[in-house]
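Asker: Here is a sequence together with a model predicted from it:
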Amino acid sequence: MKITFILVLCQFLVFSQTGEPKLILKEWRKGISLAVPEKFLLMSDDDMAQKYPSYRKPIGVYSDKKTDISINYSINKWNNKNLDILKSMYKATISSVFTDVEFIQDGVIKKVNDRDFIVFEFISNLVEENGPKKGASLKTYSYLAYTLYKNKVLILNMNTQVQERNDWANTFGKIFESFVITDKLQLDVFKPYEAENKQMPKGGQEDVQMKLLKKMGKSRTKNPQ
């Protein structure tokens, strides 16, 4: 594992292809590392609570305000190690949240740094059905990877505006390939959290994330989220 980690570190410290951001491998917490663009900033707790109003605080979110890279984990235990079942469940959840979904990678199982991941890459379209913005359409490009760790589901979520897809598709893949998880990782006991500002943001990328997370939360009996 140490050799793999060193190779990944060297690869991403020297990576600087023209037109792509320089990636720096960061330890998000003890036992979990992932490369992020060097100009991305770690989101504050309050900003995370506003943009990702889920039932638990994410391990972390790095962002440049247009593009987000986050790592999170499920609240409930997932004792079934059958990845095909997990893949079907998450595909159904993703498909149910958005008006239309165009899958680029449809639950492909990939091994990265000795760990199996389920990968979904897709373009989503969300049409507002009610309210003053009824009929408005929001398209997003997302790259999600799921893996099992100690009866929990770890989730890597990278998303950006659909018009930025060509700029980020290759980089998202390279970021995913840097993902290293070791047995030293300790997941927090579930604690709900709130931002000081209770007013939830309206419109834009925030609405997509809020709808996705709320949908996952409402279906916790079927979904380890």
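Answerer: In hand now; what should we look at?
Asker: in the protein, which residue is closest to the centre?
Answerer: With distances taken as C-alpha atoms, centre = their mean, residue 157 lies nearest the centre of the chain, 1.1 Å away.
Asker: Check the spacing between that one and residue 141 real quick.
Answerer: To residue 141, residue 157 is 12 Å away according to C-beta to C-beta, to the nearest Å. To be clear about C-beta, it is placed using only N, CA and C from the backbone, and glycine gets the same treatment.
Asker: what do you get for residue 182?
Answerer: In terms of C-beta to C-beta, residue 182 sits 30 Å off from residue 141.
Asker: higher neighbour count, those two?
Answerer: residue 141 (24 against 16; other C-beta atoms under 10 Å).
Asker: pLDDT score assigned to that one?
Answerer: Confidence at residue 141, expressed as pLDDT, is 98.
Asker: which residues does it contact?
Answerer: 122-123, 159-162, 164-165, 168-169 (C-beta atoms under 8 Å, 6 or more residues apart in numbering).
Asker: For ChimeraX, write the select line for the buried members of those.
Answerer: Typed into ChimeraX, the line below selects the buried ones among the contacts of residue 141, using 16 or more other C-beta atoms under 10 Å:
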select :122,123,159,160,161,165,168
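Asker: Out of the contacts of residue 141, the closest to residue 74 would be?
Answerer: residue 159 (18.6 Å; C-beta to C-beta).
Asker: close enough to count as contact, residue 137 and residue 126?
Answerer: Yes. Using C-beta atoms under 8 Å, residue 137 is in contact with residue 126, at 7.1 Å.
Asker: Could you tell me which residues touch both of the two?
Answerer: In contact with both residue 137 and residue 126: residue 99, using C-beta under 8 Å, 6+ apart.
Asker: Which residue is the nearest non-sequential neighbour of residue 127?
Answerer: Of all residues not flanking residue 127 in the chain, residue 99 sits nearest, at 4.4 Å (C-beta to C-beta, 6 or more residues apart in numbering).
Asker: Residue 39 too?
Answerer: Per C-beta to C-beta, 6+ apart, closest to residue 39 is residue 64, 6.3 Å.
Asker: next one: residue 155
Answerer: For residue 155, the spatially nearest residue (C-beta to C-beta, 6+ apart) is residue 72, at 4.8 Å.
Asker: Which secondary structure elements does the strand or helix carrying the one you found sit against?
Answerer: In the assignment (DSSP states H and E), residue 72 maps to strand 68-73. The helices and strands touching strand 68-73, judged by 3 or more C-beta pairs under 8 Å, 6 or more residues apart in numbering; DSSP states H and E, are strand 32-37, strand 60-63, strand 152-161.
Asker: Now do the helices in the protein.
Answerer: 2-14, 45-51, 83-97, 165-177, 205-218 (DSSP state H).
Asker: if you average pLDDT over each of the ones you listed, which comes out lowest?
Answerer: helix 205-218 (a mean of 42).
Asker: How much space separates residue 181 from residue 173?
Answerer: Noted for residue 181: a distance of 18 Å to residue 173, by C-beta to C-beta.
Asker: Looking at these two, which is more packed in?
Answerer: residue 181 (20 against 15).
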